[in-house]
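Asker: sequence and predicted structure below; questions after.
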Amino acid sequence: MSVSRRTFSAASALCAATLTLASGTAFAQAKEAKIGYALAVNSHYGAAAQAWADSVEKATGGSVKFKQFASSALGGERELVEGLQLGTVEIAIVSTGALSNFVPDVGVVDIPFLFRDTQHARHVLDGAFGQELLAKFQKRGLVALAWGEQGFRHLTNNKHAVKGVADLKGLKIRVTENPVHITAFRTLGAAPTPMSWPEVIGALQQGTIDGQENPVSVLASAKLWQVQKHLTLTSHVYAPVALLVSPAFWGKLSEGEKAALTEGAKKGALASRAFVDAVEKKGVEEARANGMQVVDKVDQAAFRAALEPAYKEYAKKFGQKTLDAITATK
Ligand code: PAF
């Protein structure tokens, strides 16, 4: 063999070896996961996604990476959940507003005035009940890893100050596509209008709805004072969020990567809660500073009394025992 032919073969062998290495573990391509959520990067959802991503990248040495799609860039929450089931979306952070259409048992946490306060809600969700609820997602084609948080939902509208139940009469309130929320607002005398979040700001601007209800974290992130005049701190429903993974993506992960995603989700959930703690007071002040008329408190006992017929329906649906067990949790 001539010298030049020998040099060529050696070069090809080196090249082949490099290619083999590149396709092997040393240069394995990272598993990239699109993570979708409804709000801006600078929100409790963004905080959760970043903490989750950082933790996973660190624990897996970069073998799993997240690519963030904030502000409903992958669609509304219903589309996100469908995407997870189909495997077109790998990861999502989704409110329970959309989830009970997929996992009906989740609807129980959406019952108005079920949780006494934030600590009560966190305790129930981090305890056996909440963890069993997460396990129920599996049967519906979803992997649920942790409960994050939005805070308690409050009411905003453009018609008048809502100081009590009577003021809700006939108000067209956008609600999530959630049967428990719809029942509650209908029972209170409002006209609940289920609508996907990406349509809400436009509908408020056009006046096709009078108001909406969401926690302060959402009010601040979406700057709802630009399209709403009145805020009433009703605290009518605690709003948890689920940190979810698509089973198709989950199936591609090693046991170590699955553990990293699970641990990371817990950190993401805690990050959302810390963000909510910080924004709760600040957000109301910002709303006031931006011209919103704020009703600081309502008579919650009067709201509960008006909701009595709805509570009967919820008890039939979810079982009085379950409701009592949640209420009795310290
Ligand atoms: O109202 C909703 O639909 C949800 O709370 C939101 C704003 C999409 C956040 O998950």
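Answerer: Right, received. Where do you want to start? Numbering: from 1, shown residues only.

Asker: going by C-alpha atoms from here, please, whenever you check contacts or count neighbours.
Answerer: Fine.

Asker: the ligand contacts on this protein?
Answerer: Within reach of the ligand by CA under 6 Å from any ligand atom, the chain has these residues: 38, 94-95, 97, 176, 197, 214, 218.

Asker: next step: those residues restricted to strands.
Answerer: 94-95, 214 (DSSP state E).

Asker: Throw those residues into a markdown table and include distance to residue 168, thanks.
Answerer: Listed next are those as a markdown table, based on distance: CA to CA, whole Å:
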| residue | distance to residue 168 |
| --- | --- |
| 94 | 28 |
| 95 | 24 |
| 214 | 16 |
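
Asker: and which of those residues is nearest the ligand?
Answerer: residue 95 (4.3 Å; CA to the nearest ligand atom).

Asker: hmm, the closest one is touching residue 241, no?
Answerer: Yes: using CA atoms under 8 Å, residue 95 makes contact with residue 241 at a distance of 4.2 Å.

Asker: quick one on the thing from earlier: now the residues of the chain next to the ligand in CSV, with pLDDT, neighbour count and distance to residue 224?
Answerer: Listed next are these as CSV, based on pLDDT from 0 to 100; neighbours: other CA atoms under 10 Å; distance: CA to CA, whole Å:
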residue, pLDDT, neighbour count, distance to residue 224
38, 98, 25, 15
94, 98, 25, 20
95, 98, 23, 18
97, 94, 24, 18
176, 97, 24, 16
197, 98, 22, 12
214, 98, 23, 10
218, 98, 23, 8
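
Asker: which one of the residues you listed is nearest to residue 263?
Answerer: For residue 263, the closest of the residues of the chain next to the ligand turns out to be residue 94, at 18.2 Å, with distances computed as CA to CA.

Asker: that closest one and residue 323: what is the separation?
Answerer: The gap separating residue 94 from residue 323 is 23 Å, by CA to CA, to the nearest Å.

Asker: over to residue 242?
Answerer: Counting by CA to CA, the gap from residue 242 to residue 323 is 20 Å.

Asker: more neighbours, those two?
Answerer: Between residue 242 and residue 323, counting by other CA atoms under 10 Å, residue 242 is the more crowded of the two (21 against 17).

Asker: let me see the confidence value for the more buried one.
Answerer: pLDDT, residue 242: 98.

Asker: hang on, it in a strand?
Answerer: Yes: applying DSSP: H, G, I helix; E, B strand; the rest coil, one finds residue 242 inside a strand.

Asker: now do the SS call for the closest residue to it other than its chain neighbours.
Answerer: Using CA to CA, 6 or more residues apart in numbering and skipping residues adjacent in sequence, the residue nearest residue 242 is residue 147, 4.9 Å away. On the three-state scheme (three-state DSSP), residue 147 is labelled strand.

Asker: residue 147 and residue 244 touch, don't they?
Answerer: No: with contact defined as CA under 8 Å, residue 147 does not count as touching residue 244 (9.4 Å).

Asker: give the next helix or strand downstream of the lowest-mean-pLDDT helix or strand in the chain.
Answerer: Every helix and strand in the chain was compared by mean pLDDT, DSSP states H and E; the lowest is helix 3-23, with a mean of 42. Next along the chain after helix 3-23, taking DSSP states H and E as the criterion, comes strand 31-36.

Asker: what average pLDDT does that following strand get?
Answerer: Rounded mean pLDDT across strand 31-36 is 98.

Asker: partner strands of it, with direction?
Answerer: Paired strands of strand 31-36, with direction, are strand 64-69 (parallel), strand 91-95 (parallel) (DSSP bridges).

Asker: list the contacts of the shortest one.
Answerer: Residues from elsewhere that reach strand 91-95 (CA atoms under 8 Å, 6 or more residues apart in numbering): 33-38, 45, 49, 77, 80-81, 84, 239-246.

Asker: again, but for the longest one
Answerer: Residues from elsewhere that reach strand 64-69 (CA under 8 Å, 6+ apart): 30-37, 49, 53, 56-57, 257.

Asker: now stretch 135-146
Answerer: 84-85, 102-103, 134, 242-247, 250, 262, 265-266, 269.

Asker: and that stretch, what's buried?
Answerer: For stretch 135-146, a neighbour-count test (16 or more other CA atoms under 10 Å) marks 136-137, 141-146 as buried.

Asker: equivalent analysis for stretch 280-295, please.
Answerer: So stretch 280-295, judged by 16+ other CA under 10 Å, has buried residues 280, 283-284, 286-288, 292-295.

Asker: what's the answer for stretch 295-306, then?
Answerer: Within stretch 295-306, the residues scored as buried using 16+ other CA under 10 Å are 295, 298, 303-304, 306.

Asker: swap in stretch 67-85?
Answerer: For stretch 67-85, by 16+ other CA under 10 Å, it's 68-72, 74-78, 80-85.

Asker: how far does that stretch sit from the chain's center?
Answerer: Offset of stretch 67-85 from its chain centre (CA atoms, centre = their mean, to the nearest Å): 11 Å.

Asker: next one: stretch 63-82
Answerer: Counting by CA atoms, centre = their mean, stretch 63-82 comes out at 11 Å from the chain centroid.

Asker: next one: stretch 100-111
Answerer: Distance, centroid of stretch 100-111 to centroid of chain: 13 Å (CA atoms, centre = their mean).

Asker: quick one: end-to-end distance for that stretch.
Answerer: So stretch 100-111: terminal residues 12 Å apart, CA to CA.
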